[in-house]
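Asker: Sequence and computational prediction follow.
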Amino acid sequence: FKNSVAQPQFVAVMGQTTMCKKESMAAGQKPSAAPVPQQKKKQKAPKSQPPAAVPVEAPKTSPSSSFDLDGWKKTFASGPAAAMDEFWKTYDKEEWSIWKQVYDYADDNENLESTVEMVDAFMKGNEGIKDSVFGVMHVAGNLEIEGLWLVKGLDPEIMFGANEDTSWYSWSQLGPDTTDLVKAAVGSFWSASKDLDGKEIKSTKVY
């Protein structure tokens, strides 16, 4: 059409033709609205599956070691607060170590029941090394998971090798020297029943 109206013969008869810049509408018809772009919801990336655990043999306890894990578990069961003095009398820092764990995905925890199930699952993952570890895990505050573990060896490698869920937690050592601060922190965590660092405790599990 544009080519036709530009021809000299057409212009001589019809004159210059102005092209329409707005769509023609019937009476009462409203112009169509410009399309509104759809906003995409940002999806939270799911946590990746942990790498498969690679079993690590537990260090052998020296015959000279004074610490008895089974005996300690029985003593703890009789009363955590009173048991702490006995623990430090026999604790052997040359063959055992103490490690704190903090769950890295607390914001994903939706309710107490499923969070406690995660704690149960973590403890179940330690069945293969139950003779080499002792631990207490709390669910506190906004469904945050924290634990404190006694592990045979100078690092938690036997737990990392036995339990693939360990990769979902951050780990830090208390010690190795048994200073008054370390003793207070361990005793406070293991014997806590109502609050943990000012956060209400909603569930506690002992392994």
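Answerer: Okay, I see it. Residues are numbered from 1 along each chain as shown.

Asker: so Val136 touches Thr204, yeah?
Answerer: Yes - taking contacts as C-beta atoms under 8 Å, Val136 lies within contact range of Thr204: 6.7 Å. Quick note: C-beta positions are derived from backbone N, CA and C, even for glycine.

Asker: More neighbours: those two, which one.
Answerer: Shown here are Val136 and Thr204; by other C-beta atoms under 10 Å, Val136 has more neighbours (20 against 17).

Asker: would that one count as being in a helix?
Answerer: No - using DSSP: H, G, I helix; E, B strand; the rest coil, the assignment for Val136 is strand, not a helix.

Asker: got a list of what it touches?
Answerer: By C-beta atoms under 8 Å, 6 or more residues apart in numbering, the contact set of Val136 is Gly147, Leu148, Phe189, Trp190, Thr204, Lys205, Val206, Tyr207.

Asker: okay, now the fourth one: neighbour count?
Answerer: Burial measure for Trp190: 22 neighbouring residues, criterion other C-beta under 10 Å.

Asker: Quickly find the element holding it.
Answerer: Assigned by DSSP states H and E, Trp190 belongs to helix 180-191.

Asker: now do the first one
Answerer: Per DSSP H and E: Gly147 is located in strand 144-152.

Asker: so where do the helices sit in this structure?
Answerer: 2-5, 8-14, 69-78, 80-90, 112-124, 157-162, 180-191 (DSSP state H).

Asker: So for the second one, mean pLDDT?
Answerer: If I follow you right, that is helix 8-14. What helix 8-14 shows for mean pLDDT is 51.

Asker: okay but Ile201 is in contact with Ala140, surely?
Answerer: Yes - using C-beta under 8 Å, Ile201 is in contact with Ala140, at 4.8 Å.

Asker: more crowded one of these two?
Answerer: Legend: neighbour count by other C-beta under 10 Å for Ile201 and Ala140, higher for Ala140 (20 against 15).

Asker: got the contact list for the more buried one?
Answerer: Ala140 sits in contact with Glu146, Asp195, Leu196, Asp197, Lys199, Glu200, Ile201, Lys202, where contact means C-beta under 8 Å, 6+ apart.

Asker: and the fifth one, how far is that from Ile145?
Answerer: Relative to Ile145, Lys199 is positioned 11 Å away (C-beta to C-beta, to the nearest Å).

Asker: More neighbours: these two, which one.
Answerer: Under the neighbour definition other C-beta under 10 Å, Lys199 and Ile145 were set side by side, and Ile145 has more, 24 against 15.

Asker: For beta bridges, what are the partners of the more buried one?
Answerer: When bridges are called by DSSP bridges, Ile145 pairs up with Val139.

Asker: and what of Lys205?
Answerer: In this structure, Lys205 bridges to Met137 when assessed by DSSP bridges.

Asker: 519 is where my numbering starts, stick with that
Answerer: Renumbered: residue one is now 519, and that last one reads Lys723.
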